[in-house]
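# From the sequence below, what's the structure:
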Amino acid sequence: MAENRRLRDFCLACMDVDMMIRVLGRVNRTILKKFQQSFSDMTAKAKHVRMTTPPGEDVEFDYDLRQPITCDTGYTWSDVMARQPGWVPDVDSINGTIAFNSSLFPRFPGVLSQTVKRSIEKRATVGLEGGKKRSRTRFG
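Numbers count the residues shown, from 1 in each chain. Have a look, this model is predicted:
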């Protein structure tokens, strides 16, 4: 907190002592800051993005070039740790599948036993498949 005197709220929901040590106590902030800035610079040069992951995510979109790429490299900011670079997609260009393979927090705390996949066409959800919690999940 000494690194960011502007901090007024710090959300640590569902964090246990082990996680607090790993994500707050054992972080090389110099390297993290360098990575954040490098990632933000790379992101600012892109116009179209496709993201894929081994669990089945395959989603693409265009950036909304009217929105700025943000990167607060302070160690904490507002309500999150080590602020991630921020960017805004053109929501009408979002197409593909987003895979949730760890959690659907905050709606369903805990780890998923199976991957849940959300299919999207032109920003609208057109399909949902996956684990047991899928039947209780409502995506807008």
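# Now do the helices in this structure.
17-20, 29-45 (DSSP state H).
# Summarise which helices and strands the shortest one is packed against.
Right, helix 17-20. Helices and strands touching helix 17-20, by 3 or more Cβ pairs under 8 Å, 6 or more residues apart in numbering; DSSP states H and E: there are none. Where you see a C-beta, it was placed from the backbone N, CA and C, and this is true even at glycine.
# So for stretch 90-110, mean pLDDT?
On average, the pLDDT along stretch 90-110 is 78.
# residue ranges with poor pLDDT in this structure?
Along the chain, the model assigns pLDDT under 70 to residues 1-14, 73-84, 103-111, 131-140.
# go with 90
1-47, 55, 63-89, 99-116, 122-123, 128-140 (pLDDT under 90).
# Could you report the neighbour count for residue 130?
21 (other Cβ atoms under 10 Å).
# what residues are up against it?
100, 112, 114, 115, 116, 117 (Cβ atoms under 8 Å, 6 or more residues apart in numbering).
# buried subset of these?
Those of these that meet the buried threshold are 100, 112, 115, 116, 117, by 16 or more other Cβ atoms under 10 Å.
# Done for today, thanks.
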